[in-house]
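A.B. asks: sequence unknown, structure follows:
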């Protein structure tokens, strides 16, 4: 019985490999196109960030933080930590990582928010995509790193795709949550005054759900940042690279410094993205 | 043409509409229908017409279907069977079956709504909340703000235009809700227990304000309430609902004096009749009084007689041969000039005199009250006996 079971293996892996082969043979043009577009996006962002002199950019970041949050402590913290990163010699790597995170978040929002809205309006759709979202968050990253590598080649693009796969469930889930928790009374008020479906979405549902959606986007940024080392494995530039190199050469100093830069970037992004204190919402 | 008319509507919540309709036709109760089909009966066989300029109050305990049929007027609830006619641009439109564009037009221009939990958008200022309906129409900001300011003045919130709704008290929030409903200049206002979430003093004040506004704007108002005092105070017409069906519809007096069944009787048992009953309901009608030639006999012994002209208008009073004095009272307030009252032997008052005003007059003068109709013709007599019977609601005997 046992022998029979092991001898008749179900070729699950083979099927998936054949599927990926099929995609590469027939859809290569399509994947090349995506690769080109995303590559240009990340490249453009990185070039723009690196084109500005570091000290000027740090000053600009400080100014932006001041305009949004009006907090001296936060500005001092942001400028200080970015200066530290520059001092350690990781400025360009940090900007490359920032560019990857921004692009990944952008893609996640553009794709994820509409999916979240659609799912909130159609319960069956949410039932259908929920297991897929769970799968995307639990399956080990390396597993889908291999096919993305095959489809998109080495470089920043497979890193971006893997990052998106890992972080997109957050904006989808939180958009769904925000939209589906709109109180029926507000929805009815909109309908009673003659709102069309589009007006309901933009004048009632999205404004109500905005804080929740913003929380989803912040989460998405943090999840993207946690993927930088994985992205470096497939050749994406950024702070992941020195970490991987340090791991291969057992270089404690480099590993610590690069890791610290990642943590600093994470804290800065988190503090900046946190919404300023909002007026209380009762009744 | 009525402003709003329900024609035999049934509303069913749930999938098996057909099965539920069949059971409704068999006259089953809500519980039986729920057990058999899994659907909830919202309303069954409701027919009701609300005339232009009328305040019609839908009354009942929670779950009696009053909100359900209110929401059918602007199709927040779908009707399973029957017609809901709404007067829109001079024609009666069946809201339950009209197309989307007409429905939207009706919601934007003809029917507006006030909600129990206010339904205000918390991220908008008071001004932007009031202008919400106009904004959905695509009206420009300048014209919108002009109308909004006008409506805010109407509800006394001019100084609060820039605040967020969460900064306002409950009563003020509902004023915003009222202003938002008035802003679209809709002819028909739907009010779904608008004052139920407010404390009693504020509720009373807003009721008075609503009546005051209604005297100026003459809208058709369909008002849902579970509070009989509120219903009797506001409603020209009251429809009492139970289990999704209308058990009685009529004026406040009708319902108070002639409850259709035990359910209604239970409702009105603790009602204060003073503000509801009028002379017409309590008086001894002139036709039932004994006549002697061109005089009507007012007392049992035949000593007090009032002489009437051929039209039936009271001319003079005869007190056992002595000529008496008739004095006219202000029927609305129930007051009479002191000097006039001192000399008078009998008071003349309009027939729609409220019972409360009649008691006030009686206490003040201790004279019998002759009630006359709008043409001045003698309509009936209201004295101690009639007042006591009115208070005890023993009008049949």
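C.D. replies: Ah, there it is. In this text the structure is predicted, and so the values were computed from the model without any measurement.
A.B. asks: what sits up against the helix or strand hosting residue B:58?
C.D. replies: Per DSSP states H and E: residue B:58 is located in strand B:55-59. For strand B:55-59, contacts defined as C-beta atoms under 8 Å, 6 or more residues apart in numbering or on different chains pick out B:4, B:48, B:50, B:66-67, B:69-70, B:214, B:220-226, B:228, B:230-231, B:234-241, B:267. In this view, the C-beta of every residue, glycine as well, is placed from N, C-alpha and C.
A.B. asks: inside strands: which ones of the residues you listed?
C.D. replies: Among those, the residues falling in strands (DSSP state E) are B:4, B:48, B:50, B:220-225, B:237-241.
A.B. asks: residue ranges of the strands in the stretch 151-300 of chain B, please?
C.D. replies: Listed in chain order, the strands of the stretch 151-300 of chain B (DSSP state E, counting those that start in this stretch) span B:188-192, B:220-225, B:237-242, B:245-250, B:284-285, B:291-292, B:295-297.
A.B. asks: for these, give me a markdown table that also has distance to residue B:115.
C.D. replies: Compiled in a markdown table, those are given as follows (distance: least, C-beta to C-beta, whole Å):
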| stretch | distance to residue B:115 |
| --- | --- |
| strand B:188-192 | 6 |
| strand B:220-225 | 11 |
| strand B:237-242 | 19 |
| strand B:245-250 | 23 |
| strand B:284-285 | 45 |
| strand B:291-292 | 57 |
| strand B:295-297 | 54 |
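A.B. asks: select, out of these, the one closest to chain A.
C.D. replies: strand B:188-192 (7.7 Å; C-beta to the nearest C-beta).
A.B. asks: what pairs with the closest one, parallel or antiparallel?
C.D. replies: If you go by DSSP bridges, strand B:188-192 pairs up with strand B:111-114 (parallel), strand B:220-225 (parallel).
A.B. asks: just name the most buried of these.
C.D. replies: Comparing those by mean neighbour count (mean count of other C-beta atoms under 10 Å in any protein chain shown), strand B:111-114 comes out on top with a mean of 28.
A.B. asks: re the thing from before, now mean pLDDT and distance to residue A:160 too, for the strands of the stretch 151-300 of chain B, in CSV please.
C.D. replies: Below are these laid out as CSV (pLDDT from 0 to 100; distance: least, C-beta to C-beta, whole Å):
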stretch, mean pLDDT, distance to residue A:160
strand B:188-192, 94, 51
strand B:220-225, 94, 56
strand B:237-242, 92, 61
strand B:245-250, 92, 63
strand B:284-285, 86, 91
strand B:291-292, 82, 103
strand B:295-297, 85, 100
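A.B. asks: just to revisit the earlier point, quick one: average pLDDT of the strand holding residue B:58?
C.D. replies: For strand B:55-59, the mean per-residue pLDDT is 94.
A.B. asks: just want the angle from it to strand B:188-192.
C.D. replies: 30 degrees (axes from the mean of the first three to the mean of the last three C-alpha atoms, to 10 degrees).
A.B. asks: the helix or strand that residue A:172 is a member of and chain B in contact?
C.D. replies: When elements are defined using DSSP H and E, residue A:172 is found to belong to helix A:169-180. No - on the criterion C-beta under 8 Å from any C-beta of the partner chain, helix A:169-180 is out of touch with chain B, staying 12.8 Å away.
A.B. asks: so which elements touch that helix?
C.D. replies: Helix A:169-180 is packed against helix A:91-121, helix A:123-138, helix A:206-225, with contacts defined by 3 or more C-beta pairs under 8 Å, 6 or more residues apart in numbering or on different chains; DSSP states H and E.
A.B. asks: what's the nearest residue to whichever residue of the stretch 251-397 of chain B sits closest to chain A if we skip its chain neighbours?
C.D. replies: Going by C-beta to the nearest C-beta, chain A is nearest to residue B:267 of the stretch 251-397 of chain B, at 27.6 Å. Closest residue to residue B:267 apart from its sequence neighbours, by C-beta to C-beta, 6 or more residues apart in numbering or on different chains: residue B:228 at 5.7 Å.
A.B. asks: who in the stretch 151-300 of chain B is up against chain A?
C.D. replies: B:164-166, B:170, B:173, B:180, B:184, B:190.
A.B. asks: give the buried residues for stretch B:192-206.
C.D. replies: B:192-198, B:202-203, B:206 (16 or more other C-beta atoms under 10 Å in any protein chain shown).
A.B. asks: with stretch B:322-341 instead?
C.D. replies: Quick answer for stretch B:322-341 (16+ other C-beta under 10 Å): B:324, B:326-329, B:331, B:334, B:336, B:341.
A.B. asks: fine, thanks again, bye for now.
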